[in-house]
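In: coordinates for the following, if possible.
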Amino acid sequence: MTRCIALLSGGLDSMLAIRIMQEQGIEVEALNFKTMFTCCQDLSAQVARDLGVNLTIIGQEDDYLDLVRNPEYGYGKGANPCVDCRIYMFERAKKFMHQVDAQFIISGEVVGQRPMSQKRSDLDTISYQSGLEDLLLRPLSAKLLPPTKPEREGLVDREKLYGVQGRSRKFLIELAHKYNLKDIPTPSTGCSLTEPEFGRKVHDLIQIQVDDQPWDYDALNVGRHFRWNENTKVILGRDHQENLKLEYMHKMEDATSSALIEPLSFKGPTALVTGPANEDSISYALGLVYRYGSTLEDEPNTVRVDAETGSQEMVAVPTDRSSDDITIAMTTGLRRQER
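Out: Numbers count the residues shown, from 1 in each chain. Next up, the predicted model:
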């Protein structure tokens, strides 16, 4: 039996690509690529069940962050190295193809749908640089592209493929109804790197901090981030769950955080200090905790600071709540209580 590997994101395009192959009697093995920046694994699992295909999820390897830091083909509007990432995924898919004795790989890519990675030239680059060349079939746009090896050898009927291009979803939705796909997902990249705000956090690590570690990228998904200097940053939890998450991340073996600050006598955000935990950076972090917390008026506000040197309680008395410079106000009224 003819077997192919399908990259399944959980989106409509990849669902249609799989259904087109199934209509030709081709067995499909689905593959989902997971990184610290992707967010659609649950959706892809449900889609795989609905389509009746086996799903294998593979993760990034240690070299993936090197790709994010220095992509050969550049970034999109965020910090998304889409062409490089697609090449990386298809290289992994090629290895998987040989492991399960499949003959070719399919994807739901559509010519001209995404400006960063689906221009005709980008599709050619991805096919060539991944080492797949004409073993990579795009069923939705195949008639706009040269025939691939599975088409030439008769494994796939080219006449039953399509020539879709552009960003309109009208024809794709019509195909979804034709193939009896009931739940049509809304468009989504499924990757936080494409989001401009998140992209700015990533570029901050790459361009300013420089000595970034995998833990720093994981931490980008949690809280508000404030840059103190090129070595030091403060992360604030936005709710109770994020406060707990920051506490957990601080205890991880590969954590780059040097101090954890927790309000004791008032409600407020937990703060992590990454980089050197000195008097200036701690004071800066305290000022942020005070600014975003529900502090007590004209009363001591106690926090616990867990740093590399040990745990201690610190009491801050705001000298001027109307002041814009909260950090100075906090520093002025600071005294330490050793535990």
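In: for the protein, name the helix or strand with the lowest mean pLDDT.
Out: Of all the helices and strands that make up the chain, strand 334-338 has the lowest average by mean pLDDT, DSSP states H and E, namely a mean of 33.
In: run a quick neighbour tally on Glu153.
Out: 12 (other Cβ atoms under 10 Å). C-beta here means a position set from N, CA and C on the backbone, and glycine is covered the same way.
In: how about the one 10 residues further on?
Out: Counted by other Cβ under 10 Å, the residues lying close to Gly163 total 12.
In: contacting residues for Ile20?
Out: If a contact means Cβ atoms under 8 Å, 6 or more residues apart in numbering, then Ile20 has 139-140, 160-162, 179 as its contacts.
In: mind running it again at 6 Å?
Out: The contact partners of Ile20, taken as Cβ atoms under 6 Å, 6 or more residues apart in numbering, are Pro139.
In: burial measure for Ser311, as a count.
Out: A total of 11 residues lie near Ser311 under the criterion other Cβ under 10 Å.
In: for the one 3 residues further on, same thing?
Out: For Met314, the count of nearby residues is 20 (other Cβ under 10 Å).
In: what helices or strands is the helix or strand hosting it leaning on?
Out: The secondary structure element spanning Met314 is strand 310-316 (assigned by DSSP states H and E). With contacts defined as 3 or more Cβ pairs under 6 Å, 6 or more residues apart in numbering; DSSP states H and E, strand 310-316 has these neighbours: strand 301-307, strand 334-338.
In: what average pLDDT does the strand or helix carrying Lys94 get?
Out: Secondary structure assignment for Lys94, by DSSP H and E: helix 82-99. Looking at helix 82-99 alone, the average pLDDT works out to 96.
In: mind saving the C-alpha coords of it as PDB?
Out: Provided in PDB are the C-alpha atoms of helix 82-99 (Å, rounded to 0.1, in the frame of the first residue of the first chain):
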ATOM      1  CA  CYS A  82       9.200  30.600   9.100                       C
ATOM      2  CA  VAL A  83      11.200  29.400   6.100                       C
ATOM      3  CA  ASP A  84      14.000  28.100   8.300                       C
ATOM      4  CA  CYS A  85      11.500  26.500  10.600                       C
ATOM      5  CA  ARG A  86       9.700  24.700   7.700                       C
ATOM      6  CA  ILE A  87      13.000  23.400   6.400                       C
ATOM      7  CA  TYR A  88      13.800  22.100   9.900                       C
ATOM      8  CA  MET A  89      10.400  20.400  10.200                       C
ATOM      9  CA  PHE A  90      10.700  18.700   6.900                       C
ATOM     10  CA  GLU A  91      14.200  17.500   7.600                       C
ATOM     11  CA  ARG A  92      12.800  15.800  10.700                       C
ATOM     12  CA  ALA A  93       9.800  14.500   8.700                       C
ATOM     13  CA  LYS A  94      12.100  13.000   6.100                       C
ATOM     14  CA  LYS A  95      13.800  10.900   8.800                       C
ATOM     15  CA  PHE A  96      10.400   9.800  10.100                       C
ATOM     16  CA  MET A  97       9.300   8.900   6.500                       C
ATOM     17  CA  HIS A  98      12.200   6.400   6.300                       C
ATOM     18  CA  GLN A  99      11.400   5.000   9.700                       C
END
